[in-house]
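J.: Below: sequence and its predicted model.
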Amino acid sequence: MADYTKEQLRKLLLGLPEDIKEIFMANETQEVVLKVLEENDVLDERGTQISALIRNVLFGLLPPEDFKESLKKEVGLKDDIAKKIFQEINRFVFFPVKQSLASLYKIETAEETQEQIEAPTSETKETKPEKSDSYLEQIE
């Protein structure tokens with residue numbers, strides 16, 4: 001895991017969307033993270049590493065989809081523990097700011113993808129044939 005100076009992190013924090021800043025600094029977020037760490041018996045140095053990974057996701061330094069894998073590789077957690085921590089942190093920390101994280105990482109959400117599929121393009125517009133078709137029936 002890369003180390004960042006306090007100044008680098010401060011600059012990143014200042015550039016974040018307001019909802020991400022709020023969830024990062026909220027006491028409720030700290031309580032949720034502490035509870036998850038306690039429940040999974042990782043209140044040692046691994047807890048500090050996990051907190052740094054959470055910060056990195058919120059600051060745009062670690063894509064959310066890489067968080068679970070980082071728990072296993074960088075923190076050394078077993079797959080089942082990493083999965084539990086990922087699910088809880090994702091649910092209570094990342095999900096409330098899902099749209100802002102998506103824009104931060106330029107991730108298309110399912111809704112945006114569906115809108116693009118449904119949006120008519122110039123290629124999909126129906127056009128009338130330019131010349132007459134002798135097989136078409138006349139409409140009266």
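T.: In hand now; what should we look at? Residues are numbered from 1 along each chain as shown.

J.: Export stretch 48-59 to CSV, keeping only CA atoms.
T.: Listed next in CSV are the C-alpha coordinates belonging to stretch 48-59 (Å, rounded to 0.1, in the frame of the first residue of the first chain):
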residue,chain,number,x,y,z
THR,A,48,-5.3,0.4,10.9
GLN,A,49,-4.6,-1.1,7.4
ILE,A,50,-8.3,-1.7,6.8
SER,A,51,-9.1,1.9,7.8
ALA,A,52,-6.4,3.2,5.4
LEU,A,53,-8.0,1.1,2.6
ILE,A,54,-11.4,2.5,3.4
ARG,A,55,-9.9,6.0,3.2
ASN,A,56,-8.2,5.2,-0.1
VAL,A,57,-11.5,4.1,-1.6
LEU,A,58,-13.3,7.3,-0.4
PHE,A,59,-10.4,9.5,-1.6
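
J.: from the middle of its chain, how far away would it be?
T.: Relative to the chain's own centre, stretch 48-59 is displaced by 13 Å; criterion: CA atoms, centre = their mean, to the nearest Å.

J.: contacts for it?
T.: Around stretch 48-59, the neighbours that count as contacts under CB atoms under 8 Å, 6 or more residues apart in numbering are 1, 9, 12-13, 16, 20, 23-24, 33, 37, 42, 62-64, 67, 70-71, 74-75, 85, 89, 93-94, 97, 101. Using the backbone N, CA and C atoms, a C-beta is placed for each residue, glycine as well.

J.: what is the rounded mean pLDDT of that stretch?
T.: On average, the pLDDT along stretch 48-59 is 96.
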